[in-house]
Every structure is written in structure tokens, then in C-alpha cells.
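1. quick check, what structure comes out for this input:
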Amino acid sequence: MKARSIINSAIIFFLIFNSVRLLAHNHSIFSPNSKIISETEDSILSYLENNPVKSDSIAFLFLKKFSGKDIYAEGIANYYRGEAAYYLQNWTEASKFYNRAKECFTLSGDSTRMASASNNLGLVYYFLGKFDKAFDAFSKSLSIEVHLKNDKGIAKSYQNMGMMLEQAGQANKALEFYHKALEIYFDLNEWEDAAGVYNNLATYYATSGEFQKAESYYLKAYDIYNKRNLTAREATVLCNIGSLMVRRRNYDEAGKMLEKALVLMKSSGDKTGEISAYSQLGGLYAAKHELHHAIFLYKKADKLAIEVGSADLRLNNIYSLYLVYKSAGLFEEALSTHELYIALKDSFVNENPVFSQGIINQELELQLAERDIQNQKALTREKLYWVAFIIIVFFAGICLLYLIRRKKMVGSKISKKKFGHWFTQSQIDTQFVYDLLLSVRRYINEGNVEMAHEQLNSTGIVLRKLFENTGQGLIPLSNEIEFLHAFLNVQKEKFRKEIGINIESDFEFKENTVLVPFMVTKPFIEIAIANGLLLEQGEPHVNIVFSKKGGLLEVTIDDNGPSMNINKTYIAENDLSGNRAKSPPEGIAPIQKLAEVYAVSDIKFEEKNNQGNGSGNRVKFSFPVITMN
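-> Residues are numbered from 1 along each chain as shown. Next comes the predicted model:
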């Protein structure tokens, strides 16, 4: 039964601090009297911790003013009357006010306040020994917090549910909930709340006889509270460590810690803590066989438990008192105390028939499982974002190194080949790389991991080809054909549209020896895409043919997209290889550079159908045949 006493000491950590979170609440959503509610709330909170009686009187007057007139204001008043009763450890009154507050918040639709009231009500029911009702209140609070996606509220509920499950004998489930709460507190950097979970875990391991683990967790909790000067919480941990030392037969150190804890609890007005301290001091003297001293301390604890109405603490204490009477040979007192213990225990069983099963509502279990799945998906998306980020950084680094290298070449003689190098680099603009990676990001956001991987692979191939051939100026025709296939595949995945791709040449096995300007066809394909080739209904087609016409290499690009009238008009009115008075439309500038640098000539844009009904476009251009030999 000493284990139960330790567990009850851990409950002291749940004195309510929800009010801080609620200060930022927007009362105007629920009541026309939001201004006076906010002012009254500030006034109540300024007294709540140090003078709960004053807080209760303010809340009482506020309730009197709005009772029957403003259901939300009435809920606020009842909530803070419950808070005041809680601080005064008047559990019966606290449960009455919290229940009324819950009703008001339900009617006014304030889910956040309803969750807080349910959580606090669960703690009150716990102290009253009404475990079934406590379990139900904590479950409702957790369900609301999950719906609101309030991580701190979820963690608090996990912690309380873990405490209840531990009491119900569901140790594995309790540990699961404790660790879930701890994980959330770590993410939120809520170290004081994490210390509370450390204390819970220490209590569990002390109960299980794993003393080294228990001591480790107690010391972690104590260190956090000590550094933050949280005296009341520090006292609770000292009390628990003292109890642990009793079990390890280190009586002198245990006595010092328990007496120090008792002084701190008295100074802070924590009567529940006093009950635990007196009871555990009784356990210390019982272990030392100073039985009459132990009897005095257990009776002191029982008297306080009756005063505050803590049925569960009283039950544990009465059983310990029975054992001491028995050891002291006071059999008449032992018998009457045992009869009292049996009567209290029977009332517990009658009031809490479901509690011992430790069963969580199936609907709540489903909500928690769904939340875990969503969190796992978020982690997967985060990993994919990091993969994409690393790829971007990698290629950005390559670009930076290239730009540094290129800067060193400024001032040297610009040959045609170097000019071609510049032209190629100008094609690898940041927008192009950004567009490639945006399509990857879209699949990641959708959770389509398989397609994200495929798009990453295709994007990687295009970028590799870009950087392999950057600076070459002229590359083998076979390399240009490989790049075109990869580029069009990326476009296909980006627009989620099947594209008919056909690329031919009449050079047969000479594709590795015939040289062409790198990305010579890319500007023309981009113009077709910009004009809506991939937005048309049906399957878009692109046919590209490289053929030899005398001493020239002729390139023909066919598509079945809409007309490119604006570009055709500009080309008809301007000489692409000469001086131009007008600014070119978007997409034409790279073609002009091709004409200037590589002697690309005879550029013709035409519709395949003379009637101009959008049946497709054909682009032709040519340049001198250049071979490696």
C-alpha cells in the first residue's frame, strides 16, 4: 500500500495552471460582455494563487450579476469559483462549480474552456475517489483537445490519463501515455510540465521496485523545479524521494527529506501534500519499528484526509494504520481499523465498477490512432522536404562554384566557343530549376511518396545533363537526344499529362560524332509549352527530326498545340540575326542568341493547317554540320 501512497503524492503536480492559457481567449466570440469578462478575469487571477477566498468573492459577485442573463459569463464565473475551491482543496464545491461551468461552455460553444473544465473536474473526482467519473472527464478533455489540435492540452490529458491507467493496473498503457506526453512537452520546450511526467515515471518505477530508474527520474524532476524556484513542486519530489529511501532502508536521509518536504508543504498551504508527507513519515517510523510514533503520524494524516475529503488518500492511510496497530499488538484497534478499511474499500468498488478495467472509449482510441497516423505522415513529409532541400543546396553549390570559376574568365578574349558557354549557362536559369523542384514539392504535400521519388529521379537526370554539358558549347547529337527525352519526361510529370514523344535522326550510327549546340531545341519546345501545348485536351505530341540537307543539319519540331501567332508575327517582321528595333516576345530572346552564336538560320514558324484552326505548329531551322573529325 506504500506504493499507492507514492502515486497519490504525484497527483499534487496537477494543481491547475490552465488559466494562463485561457488568458489569451477571445471572449467576444461568445459574449457581448467580453470587456467586463476580461477585466474580471484579470482581477480574479491576480488573487487566485495567494488569496483564493478573495478570488471566490469576486467570482461570486460576477455570477450574481450575470446569472440567467449571459450563459457564457455565467460559465466563466462558475469556472473560477471552481478554481478557487480547488486551491482551497474543497473538492465537493469544486466539482459542483466545474460541472456547472461545463454545461455553460457546452451551451455557448466554447470548446477550449470546456476541455479545461473537464480536465480540472477529472482531477477533483480523482481526489474524491470517484475514479469512474475522473476517467470519463479526462477522456472527454482529451477528445476535445485532439479535435482542437491543442498540443499542450493533449499532453496534459495524456499525462492525466496515464495516471489513471496506472492506478487501474494498466501499467503498459500508462507508460505509453506518459511517454507521449513527454514527447509533446519536449517539442514545446515545456520543461516544467516535462518534470511532472518525470515524477510520474519515477513513481511508476518505484512502485515496480526499479529503484535506480525511479531515483534517476526523481532527480531530473527535482533539478528542473529547483532551478525555477518552484518550492511546492520541489517539496513533492522531496517527499517521493524520501519515501523511496525508506524502501531502500536509508532511514536517516529519508527522515531529513520528508521533514523538509512537510515544512515546505505547510508553508505553501498544500494540505493534500501534508497528508502524503505525514503518511510517509508514518511509514518511515513503522519501518524503524517506532510504532507509537507511526500511529500518531498516520492518525494525523487521516484527520487531514477527512477534512479535505480525499477518500483515496484516506483509504491508503487507514490500511497502513491497521498494519501498525497489528504490529504493535493493539488487536482491538487493529480490528476496528480493518473494518473501517473494508467499508471504505467496498464503497470504492460500488462507486467505480468500470475503473479497475482501465478501458478507454473506443471512439477516443480511434481519434488517438488517427492523430498518430497524421503525425507520422507529417514526419514523412518533413523527411522528403529535407531530401529536396539537400538537392537544392547541392546544385546551388555547384552553380556557385561555376559562377566563381566563370568570374575568373572575365576579361579574356570571348571566342565563339566561350560565347556558347555563356549561352548554355543563360539557359540554366533559376526559375527553371525552381519549377523542377516545385513539382517534387507538390507530390510531397500530397503524400504521394512514390511519385515524389520518380519526379526526383527525373529531375536529377535533367540537372545532371545540364551540369555535365554546361560549358561544352557543342555536344554530340546523341547527348542532345538523351537530354530532350529527360526534359520532356519531367514536363510530363510536372503537368501530369501523357506526352507523345518521338525523336529521330537520319545520321544512324554517327550521332556520337555529329556535334550540335547544347539545348538547341529547348527554347522552341518551351515556346510551345508556354502557348498551351500541355494544357490542351487529349494527348499532346512532340515530334523532333534531325536530318542532313547538304552541308546543313536541319531540325524540324512538330506539335499538335495551339497557334503561336505572336511569335510568328515577330519573326516575320524582324531579322533574327540582325539588329531589332522592337523588344522580342517572351521566349524569342534565346532563339536570337542561337542565331547569333551558332549560325542558326532559316528559322520558320508555321501552322501545319493553313486554315489556322489550331491543328498544330511546325518549326524548322538549320545550322552547319559540324563533326568531331
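
2. in the one helix or strand residue 63 maps to, what counts as buried?
-> For residue 63, the enclosing helix or strand under DSSP states H and E is helix 52-66. Applying a neighbour-count criterion of 16 or more other Cβ atoms under 10 Å, one finds 52, 55, 56, 58, 59, 62, 63, 66 buried in helix 52-66. C-beta here means a position set from N, CA and C on the backbone, and glycine is covered the same way.

3. so which elements touch that helix?
-> Helix 52-66 sits against helix 34-48, helix 71-87, with contacts defined as 3 or more Cβ pairs under 8 Å, 6 or more residues apart in numbering; DSSP states H and E.

4. wait, isn't residue 233 in contact with residue 225?
-> Yes - counting by Cβ atoms under 8 Å, residue 225 is a contact partner of residue 233 at 4.5 Å.

5. let's have the helices and strands packed on helix 52-66 in TSV, adding mean neighbour count, mean pLDDT and distance to residue 123.
-> Below are the helices and strands packed on helix 52-66 laid out as TSV (neighbours: other Cβ atoms under 10 Å; pLDDT from 0 to 100; distance: least, Cβ to Cβ, whole Å):
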stretch	mean neighbour count	mean pLDDT	distance to residue 123
helix 34-48	17	90	16
helix 71-87	25	92	8
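
6. and these: which comes nearest residue 282?
-> helix 71-87 (26.4 Å; Cβ to Cβ).

7. re the thing from before, any chance of TSV for the helices and strands packed on helix 52-66, columns distance to residue 619?
-> What follows is the helices and strands packed on helix 52-66, written out as TSV (distance: least, Cβ to Cβ, whole Å):
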stretch	distance to residue 619
helix 34-48	67
helix 71-87	70
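
8. which among those helices is found nearest to residue 524?
-> Closest approach to residue 524 among the helices and strands packed on helix 52-66 (Cβ to Cβ): helix 34-48, 64.0 Å.

9. quick revisit: what is in contact with residue 233 and residue 225 at once?
-> Listed as contacting both residue 233 and residue 225 by Cβ atoms under 8 Å, 6 or more residues apart in numbering are 192, 195.

10. re earlier: what average pLDDT does the helix holding residue 63 get?
-> For helix 52-66, mean pLDDT rounds to 92.

11. just the C-alphas of that helix, formatted as CSV.
-> Taking Å, rounded to 0.1, in the frame of the first residue of the first chain, the C-alpha atoms of helix 52-66 are listed here in CSV:
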residue,chain,number,x,y,z
PRO,A,52,-8.3,32.2,-3.3
VAL,A,53,-11.0,33.3,-0.9
LYS,A,54,-10.8,36.9,-2.4
SER,A,55,-10.9,35.4,-5.9
ASP,A,56,-14.0,33.4,-5.0
SER,A,57,-15.8,36.5,-3.7
ILE,A,58,-15.1,38.4,-6.9
ALA,A,59,-16.4,35.4,-9.0
PHE,A,60,-19.5,35.1,-6.7
LEU,A,61,-20.4,38.8,-7.4
PHE,A,62,-19.8,38.3,-11.1
LEU,A,63,-22.0,35.2,-11.1
LYS,A,64,-24.8,37.1,-9.3
LYS,A,65,-24.7,39.9,-11.9
PHE,A,66,-24.9,37.7,-15.0
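
12. if we look at it, which residues are touching it?
-> With Cβ under 8 Å, 6+ apart, helix 52-66 has contacts from 33, 40, 43-45, 47-48, 73-74, 76-78, 80-81, 83-85, 87-88.

13. hmm, try it at 6 Å
-> Defining contact as Cβ atoms under 6 Å, 6 or more residues apart in numbering, one finds that helix 52-66 is touched by 40, 43-44, 47-48, 73-74, 77, 80-81, 84, 87-88.

14. which pair of those residues spans the longest distance?
-> Farthest-apart pair in the contacts of helix 52-66 is 73 and 88; separation 22.9 Å (Cβ to Cβ).

15. if I look at the nearest residue to residue 29 once chain neighbours are set aside, how far off is residue 156?
-> Nearest non-adjacent residue to residue 29, counting by Cβ to Cβ, 6 or more residues apart in numbering: residue 110, 7.9 Å away. Here residue 110 is placed at a distance of 18 Å from residue 156 (Cβ to Cβ, to the nearest Å).

16. stretch 547-556: which residues count as buried?
-> Result for stretch 547-556 [16+ other Cβ under 10 Å]: buried residues 552, 553, 554, 555, 556.

17. again, but for stretch 218-238
-> For stretch 218-238, burial by neighbour count (16+ other Cβ under 10 Å) applies to 218, 220-222, 224-225, 232-238.

18. quick check: helices, which of these are part of them?
-> Among the buried residues of stretch 218-238, the ones falling in helices (DSSP state H) are 218, 220-222, 224-225, 232-238.

19. what is the most widely separated pair among the buried residues of stretch 218-238?
-> So, those by Cβ to Cβ: farthest apart are 220 and 232, at 17.9 Å.

20. all strands for the stretch 401-550 of the chain, in order.
-> Secondary structure of the stretch 401-550 of the chain (DSSP state E, counting those that start in this stretch): strands at 474-476, 500-505, 514-517, 541-549.

21. select, out of those strands, the one closest to residue 245.
-> Nearest of the strands of the stretch 401-550 of the chain (Cβ to Cβ): strand 500-505, 78.0 Å.

22. nothing else from me, thank you.
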